[in-house]
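Peer 1: sequence and predicted model, in that order:
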Amino acid sequence: MDGIVIIGAGECGTRAAFALREAGYRGSVTLVGAEPHLPYERPPLSKPMNGAVQMKLICAKDALEAAGIDYLSGVSASKLDAGAGTVTLSDGRVRRYEKLLLATGARPRRLGCPGAERALDFRTHADAETVFSNVAAGQSVAIIGGGLIGMELAAVLRGKNVSVDVIEAAPKPLGRAVPARFAEKLHARHAAEGVRFHLGRGVVAVGDEGVTLTDGTLVPADLVVGAIGVLPETALAEAAGLAVDNGILTDSRLRTSVPNVFAAGDCAAVAQPAGGHIRHESWRNARAQAETAARNIAGAAETFAAIPWFWSDQYDLGLQVAGLPRPAHQSVVRPVAGGELAFYLDDGRLAAAAGLGIGNSLAKDIRLAEMLIAAGISPSPAALADPGVNLKVLLKSARAA
Amino acid sequence: MTWVTACKLDDIEQEGAIRFDHGGRTFAIYRGPDDSVYCTAGLCTHEAIHLADGLVMDFEVECPKHSGAFDYRTGEALRLPACENLKTYPAEVIDGEVRVALG
């Protein structure tokens, strides 16, 4: 028995290794991770505690051993031969596999301008240590990219009394993943916290003094961080001849275009019922796809159908989004204590929901909305807008109907 | 065992929870669908997140951040990423007031 080999030991690969055991798989499981540490969680990286970047492990060493998972750290896969069913590791070893899971994740997109190498990444534990150990109160950081990572980092740095400039090529920050009304509220909060925005302008160069923009402005900075999104890590798959298009293409069961090779997490672009493929970059998705892939590797035939969900914490505000809000949806807003919920209806059916409030105060409403979405119901817009209507009651009456 | 009056039963939504801070510690107090009351440690065992912000369904509370879940009657961890059980404390209702024994 050649067993299962998992390439990538982030949230997805690690979760898949354990989920294989939970699914009853008894053969060998090898988890291959490029970083030197035990598998760790990425969300805490932007939240240093007492001045130190957190290393929150996904699992202890004992747990890996108890589950019979062979964890190879500091090793990457250099070649996949899908025909032969082998994968060559960076230390020269060649492993045969019965089935392979590609959980290779994503890597930060790099700037293409002169001096781009001066812009620090913010993805790994090592990246976080570099950023936080090189910046102190009173200094200035220019963040290139006003997406979720850039804005979360801006909030944390402001909390440390670091001066922050955010440079974004689009006319508004958070335009990609966050519904406009919440993006505007977060933008306003950052501005009130003293973050300076440079919007609608590109970057010409990164130099000693800071960042030069397309309109000639120099944004002075002691440190520059590049946060212009991530690219799926597809090189291994591509070289092996797997179908790739902004991610490793899979069918709805997370199978790639070659037999016995699956893909999940940030690197996977998964076939959708309505056509096309979607790739998600979230903690929940990494785990949920890991679980589906593991069960399918162990013999199930499950379709991946989890509702996308993510959170973002900025200052004392918590944003949560379930489903994929689209501009074409009918939106219904519900004011709630300390914040606001928005529901997105697609031809009457609840398709997505989002909320922004203090801390995790709206989490339970978003969770209920997620269950309402999964139930496929069409609640009345009036009920959704009314803070007096308990979403749990709506869910229960929908389930009883 | 020292009993502490935490709140009124009516302060907690049916099938809901509230946060209760006492003596430098934080707890979650639950009111079940049958109006029974329970008390557990306030923070999820996976990460320090207040469980009282999470969704209560039947006798289960779900962490608002990572969706780990617990049976709040026993503290048993029901769903990953939570794998360590929650500590529980005795709770009772007397004359509409919720008392907990925080030991």
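Peer 2: Here it is on my side, so go on. All of these numbers come straight from a predicted model, not from anything done at the bench.

Peer 1: pLDDT score for the closest residue to chain A within chain B?
Peer 2: Scanning chain B for the residue nearest chain A gives residue B:64, at 3.2 Å (criterion: C-beta to the nearest C-beta). C-beta coordinates here come from the backbone N, C-alpha and C atoms, glycine included. Residue B:64 is assigned 93 on the pLDDT scale.

Peer 1: neighbours around the closest residue to it other than its chain neighbours, how many?
Peer 2: What sits nearest to residue B:64 in space, not counting adjacent residues and going by C-beta to C-beta, 6 or more residues apart in numbering or on different chains, is residue A:363, at 3.2 Å. Counted by other C-beta atoms under 10 Å in any protein chain shown, the residues lying close to residue A:363 total 24.

Peer 1: I'd assumed residue B:66 was in contact with residue A:363.
Peer 2: No. The pair residue A:363 and residue B:66 does not pass the contact test of C-beta atoms under 8 Å, sitting 10.5 Å apart.

Peer 1: check the secondary structure at the residue of the stretch 101-250 of chain A found nearest chain B for me.
Peer 2: Closest contact between the stretch 101-250 of chain A and chain B, by C-beta to the nearest C-beta, is at residue A:152 (14.1 Å). State at residue A:152, reduced to three classes by DSSP: H, G, I helix; E, B strand; the rest coil: helix.

Peer 1: that one: neighbour count?
Peer 2: For residue A:152, using other C-beta under 10 Å, the count is 22.

Peer 1: so what's the nearest residue to it once chain neighbours are set aside up against?
Peer 2: Leaving aside its sequence neighbours, residue A:152 sits nearest to residue A:46 (C-beta to C-beta, 6+ apart; 5.3 Å). Taking C-beta atoms under 8 Å, 6 or more residues apart in numbering or on different chains, we find residue A:46 in contact with A:122, A:128, A:149, A:152-153, A:156.

Peer 1: tell me which parts of the stretch 51-200 of chain A are close to chain B?
Peer 2: The stretch 51-200 of chain A comes close to chain B at residues A:56, A:58, as judged by C-beta under 8 Å from any C-beta of the partner chain.

Peer 1: give me the phi and psi angles of residue A:40.
Peer 2: Dihedral angles of residue A:40 (phi, psi; degrees, to the nearest 10) stand at phi -130, psi 160.

Peer 1: what about it, distance to residue A:202?
Peer 2: As judged by C-beta to C-beta, to the nearest Å, residue A:40 and residue A:202 stand 34 Å apart.

Peer 1: and these two? Which one has more around it.
Peer 2: Neighbours were counted for residue A:40 and for residue A:202 using other C-beta under 10 Å; residue A:40 has more, 21 against 15.

Peer 1: so the more buried one makes contact with residue A:60?
Peer 2: No. Counting by C-beta under 8 Å, residue A:60 is not a contact partner of residue A:40; they are 11.3 Å apart.

Peer 1: wait, is residue A:135 part of a helix?
Peer 2: No. Counting by three-state DSSP, residue A:135 is not part of a helix but coil.

Peer 1: contacts only, for residue A:110.
Peer 2: Applying C-beta under 8 Å, 6+ apart, the residues contacting residue A:110 are A:116, A:119, A:226.

Peer 1: shouldn't it be within a strand?
Peer 2: No. The assignment for residue A:110 is coil, going by three-state DSSP, so no strand is present there.

Peer 1: before we move on, back to that, among the contacts of residue A:110, name the buried ones.
Peer 2: Among the contacts of residue A:110, those classed as buried by 16 or more other C-beta atoms under 10 Å in any protein chain shown are A:119, A:226.

Peer 1: so which of the contacts of residue A:110 are in helices?
Peer 2: Counting by DSSP state H, no part of those is found in helices.

Peer 1: in CSV: the contacts of residue A:110, plus pLDDT.
Peer 2: Putting the contacts of residue A:110 into CSV (pLDDT from 0 to 100) gives the following:
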residue, pLDDT
A:116, 96
A:119, 96
A:226, 97
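
Peer 1: just to revisit the earlier point, name the nearest of the contacts of residue A:46 relative to residue A:290.
Peer 2: The nearest member of these to residue A:290, counting by C-beta to C-beta, is residue A:149 at 21.4 Å.

Peer 1: tell me how many other residues surround that closest one.
Peer 2: So residue A:149, with other C-beta under 10 Å, has 24 neighbours.

Peer 1: give me every residue that touches it.
Peer 2: A:46, A:122, A:227.

Peer 1: keep only those of those that are in strands.
Peer 2: Using DSSP state E, no member of those falls within strands.

Peer 1: flag whichever of the residues you listed scores worst on pLDDT.
Peer 2: Scoring the contacts of residue A:149 by pLDDT puts residue A:46 last, at 85.

Peer 1: and it, how close does it get to residue A:187?
Peer 2: For residue A:46 relative to residue A:187 (C-beta to C-beta), the value is 19 Å.

Peer 1: what do you get for residue A:122?
Peer 2: Taking C-beta to C-beta, one finds residue A:122 at 20 Å from residue A:187.

Peer 1: next: residue B:88.
Peer 2: 43 Å.

Peer 1: what's the answer for residue B:47, then?
Peer 2: 28 Å.

Peer 1: the two: who's more crowded?
Peer 2: Between residue B:47 and residue A:187, residue A:187 has the larger neighbour count (other C-beta under 10 Å), namely 21 against 17.

Peer 1: how about the contacts made by that one?
Peer 2: So residue A:187 contacts A:172-174, A:197 (C-beta under 8 Å, 6+ apart).

Peer 1: please apply the same query to residue A:387.
Peer 2: A:334-336.

Peer 1: where do the helices sit along chain A?
Peer 2: Going by DSSP H, chain A shows helices at A:11-22, A:61-66, A:125-133, A:148-159, A:180-192, A:235-239, A:283-297, A:363-374, A:381-385, A:391-400.

Peer 1: looking at these, which is closest to residue B:21?
Peer 2: Taking the helices of chain A one by one with C-beta to C-beta, helix A:363-374 is closest: 19.2 Å.

Peer 1: so the residue of the stretch 101-250 of chain A closest to chain B touches residue A:315, yeah?
Peer 2: No. Judged on C-beta under 8 Å, residue A:152 makes no contact with residue A:315 at a distance of 9.8 Å.

Peer 1: what distance do you get for the closest residue to chain B within the stretch 301-401 of chain A to residue A:311?
Peer 2: Nearest residue of the stretch 301-401 of chain A to chain B, counting by C-beta to the nearest C-beta: residue A:363, 3.2 Å away. According to C-beta to C-beta, residue A:363 stands 8 Å off from residue A:311.
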